[in-house]
Structure formats: structure tokens, C-alpha cells
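S.K.: here is a sequence with its predicted model. Questions after.
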Amino acid sequence: MTIESDVLENIFNNFLQGPSIFKNRETLRPDYIPKKLPHRNQQIRRIGSILAPFLHGSRGSNILIYGKTGTGKTAVVKYVLKKLLEKAHEAGTAIKTCYINCRLAGTDYRVLAKLCASIGIKIPFTGLATGEVFDRFKNGLDINNFFLIIVLDEIDSLVKVMGDTLLYELTRINENLTYGRTSLIGISNDLLFKEFLDARVLSSLSEEEVVFRPYIAPELNDILYERAKISFVDNVLTEGALNLCSALAAAEHGDARRALDLLRVSGELSERQGSNKITEDHIRQAQDKIEKDRVVEVLTTLPLHSKVVLCGTYLIKQIMMKPAITGDVFEVYKELCEIINIEPLTQRRVSSLINELDTIGILNTKLLSLGRYGRTKKIKLNSNLSVIKNIYSQDAWVSKLINYKPKYLLNLKLK
DNA sequence: TGTCCACTGGAACGTACGGCTT
DNA sequence: AAGCCGTACGTTCCAGTGGACA
């Protein structure tokens, strides 16, 4: 037996024999829908009563749901739909539901393709005109006499990217159906998203509106407590850890998803350390780990040009000891491209890449006016310099850039 | 008070690609 | 095979702009 397999053997044995602190770790995954949803009774009742007409075979109103991330919107909708489907099954009514995350789908075409898939129509991932896919969807509904409840999660991101044409068509679809019926549930994280909509679309989509307020700390406490009961072995989670966890999540606009993540990761950490309790310290470690893992994941999977742009920003900060501005980043970027033998992109494109890095939280940019010296962007790195250096020192493409001294910067220093 | 810098960011367009229909 | 489609990723063009400076 090799040494490696001995080590593995030990790890697995420890895992099997050690005192597991988890009763059921699946219940802490983000997609788990619990049997109890504390502090959301009002929303559950409201959505339930709006959808209830479907049980009689008539169409319920469209619903627009607002609320920040982790306020339970998706969970509540899925929960109500699950119950509705069960009831419809008992009553012998044929209802279908289709849940689509618009941000993940990305385009009108792919949303439609998913809608088609939900009623059993196969659509190629490219090749058809969007209008053609829509017609097939409509025909499919009519021919099969389907009652379909469509949930469009993160609908705001779809509208921002593609405009509201698809929504317009979907809100009008019932007028063109002879037998089938549809109802729309739009879920939005962005409260201002209505402004992007055409008045007709808005009035049709928001026949009913439901708002999800952020959870406050005591509410998060209840949620975590309920979930901990089914996830962990009794008495594993200390009260201090529970309180800290909800306090941290409450500070981040009452995000329950975040709180549950924190709980899951701290559980895993505590388990790995062979502990039989989850303490406040574990929660803090988990918070650290989640952030670190995210940064590593993002930095390593970035497209090549974004990595080079980031290296440029890093070098400017490292050598000039001050935040970068767009013009400097672009000059350094061009020099770096030459070194690793790739064609540089245009400044316009690099400017977009910088914006993208800002949106994912790797950079922090601020528009700055230097009066006579023009307008530019001040670009700061959000992560620690050493973190970037560590990660990119091992990168196949950019490892040789991280210790390079750009001539442009050396000249700038002399001035 | 007007000028002018160094960009920003919107919009239209180009190209390559995989894949459809006819 | 021809013609079209959506998608990704990019370029080109250009109007717009906040505020230091003359």
C-alpha cells in the first residue's frame, strides 16, 4: 500500500467513525425547501389565494414579487407551487409549473427553450428564430390544453439585458390561446425594475404585487434555529454561534441564504476539526473561508484578458503605491500583452472589462474628474495584494507577469 | 467664463461559430 | 447546399462630461 492511500484510508475512517455533527447536511443547501418557512405566513397566504383559482380551472392573476436576495421569495413561491400541485393532483386538475432563473438562462431564446422543455417540446440550443420558438411554445400549450404557471426568477436581469419584448409576448399569450392558459409569476431583486417596463407590460404583470421585506436579526434567528434542528445533531450549535450567525447576516441586508451558508460551512469546518460543537469562532472562520473561496474561484476562472488587466492594476498598486487610473492600466496592459505574446484589446473593451471586474467585486472603481486633466476612473483592488500574487504566481498564463516591472511605470516614476 | 482634457459609455456593426430549416 | 438564426466577443465611432485652469 502506498503512503497516499494510507493517508486517504485514515481520512475516510475518521470521517466514518468520528462523531458527525450533521443529522442531514442536504437541508442546508441553498435549493432545499423546508417544511416550515418562519415569518413568511402572510406572503404564503397571499400568493396561495391568488393562485387558488387554478384549482377550479380558471386562470389566477399574474404576480410580481419584490425583495432583496435571501428574503425567501424563491422558497415561498416553490413552496406554494408544490402545495398547489399536490392539491390539483387530488382534485384531478392538470396544472403544470415551470421555474426559470432568468439570470442563468440569460436570453429570451433560452427562457423560451426552457418553457418549451417544460411542456415536453425539445428545442435546439441554437438555430431557430426566437419567434419560431415562441410559436411552438404557444401551439404546444394549445394542443395539450395545458394550464401553465410560469415562474420567472430574477426577471430584472433578463429585462436589463434583453428588454421587455418577451414579457410583452408572454403577458399577451392568453389572448391567442384557445385551450391552454398561463399565469406569470415574476420575481425581482431590484425594486426599481418597474421603470424598465412598458406600461402595458407592467399593468398586466403586476396584477398583484407581493413585497418581501428583509429579515431582521430575531427572525433570522428563528429561521436558523428551525433549520439547525433538522440539520445538526441536537445541542451541536451553541447559542452564541447562532446569534452571531444571524447578526452577521442581518447586517448584510437580512440575507437568509447567506446565514444558512455560514451555518453549513461552519458546520463543515467544525467537523473537519473533529469538534462536536459549532462555536462563534467557527462562524467567524466560515465567514473568512466563504470570502476567500469566492475570490480564488473568481480569479482563477477569469478570461485571459481580464487576468492581464488585473495584473496591470496589481503592478501599478505595487510599484506606484497608489490606485490606478484607466489610462495607466491600459498602457501597462498593452505592455503585458506583448510579453505573453497576445494581441491587446482596444481601450474601449478594456474599459468594459474593468467595469465587469467592478461588478463582480474584484475591483472597486470610482469615476473621477481631474478638471483640466480629463475624466477617468480610479481603480482600486478589493482583495489583498498578496492574495492576488499567490494565486497568479501559479497561473499558467500570467505567472511571469506578476513580478514584471513595466517600463511605462518606471518612466512615470522618474517624472 | 469658456476651453479643453482624458476619458466614459451608448450604439451600431463585424466576425466566427454551431446549428437550424428548406 | 444555401440561407438564416442566436450567441459570444470584439471593434469603431462618437457625443457627452466634471471641473481645473487660463
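M.R.: Nice, I can see it.
S.K.: is it true that A:Val201 touches A:Leu166?
M.R.: No: the criterion here is Cβ atoms under 8 Å, and A:Val201 misses it with A:Leu166 at 9.8 Å. Heads up, the C-betas are built off the backbone N, CA and C, glycines and all.
S.K.: now the element after the host helix or strand of A:Tyr79, going C-ward?
M.R.: Using DSSP states H and E, A:Tyr79 maps to helix A:73-91. Later in the chain than helix A:73-91, the nearest helix or strand by DSSP H and E is strand A:95-101.
S.K.: do the following helix or strand past that next one and DNA strand C meet at all?
M.R.: The element immediately downstream of strand A:95-101 (helix or strand, assigned by DSSP H and E) is helix A:102-105. No: with Cβ under 7 Å from any atom of the strand as the criterion, DNA strand C is not reached by helix A:102-105; the gap is at least 8.4 Å.
S.K.: buried ones in helix A:102-105?
M.R.: Neighbour counts using 16 or more other Cβ atoms under 10 Å place A:102, A:105 of helix A:102-105 among the buried residues.
S.K.: is any residue of the following helix or strand past it near DNA strand C?
M.R.: Where DSSP H and E defines the elements, the next helix or strand beyond helix A:102-105 is helix A:108-118. Yes: looking at helix A:108-118 against DNA strand C by Cβ under 7 Å from any atom of the strand, the contacts come from A:108-110.
S.K.: helix A:108-118 vs strand A:95-101, what angle?
M.R.: Between the axis of helix A:108-118 and that of strand A:95-101 there is an angle of 150 degrees, by axes from the mean of the first three to the mean of the last three Cα atoms, to 10 degrees.
S.K.: restricting to C-alpha, output helix A:108-118 in PDB.
M.R.: Output of helix A:108-118 as PDB, limited to C-alpha atoms (Å, rounded to 0.1, in the frame of the first residue of the first chain):
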ATOM      1  CA  ASP A 108     -35.100  35.400 -24.400                       C
ATOM      2  CA  TYR A 109     -34.300  32.500 -26.600                       C
ATOM      3  CA  ARG A 110     -33.100  30.300 -23.700                       C
ATOM      4  CA  VAL A 111     -36.000  31.200 -21.500                       C
ATOM      5  CA  LEU A 112     -38.400  30.200 -24.300                       C
ATOM      6  CA  ALA A 113     -36.400  27.000 -24.800                       C
ATOM      7  CA  LYS A 114     -36.900  26.200 -21.100                       C
ATOM      8  CA  LEU A 115     -40.600  26.900 -21.300                       C
ATOM      9  CA  CYS A 116     -40.900  24.600 -24.300                       C
ATOM     10  CA  ALA A 117     -38.900  21.900 -22.400                       C
ATOM     11  CA  SER A 118     -41.400  22.200 -19.500                       C
END
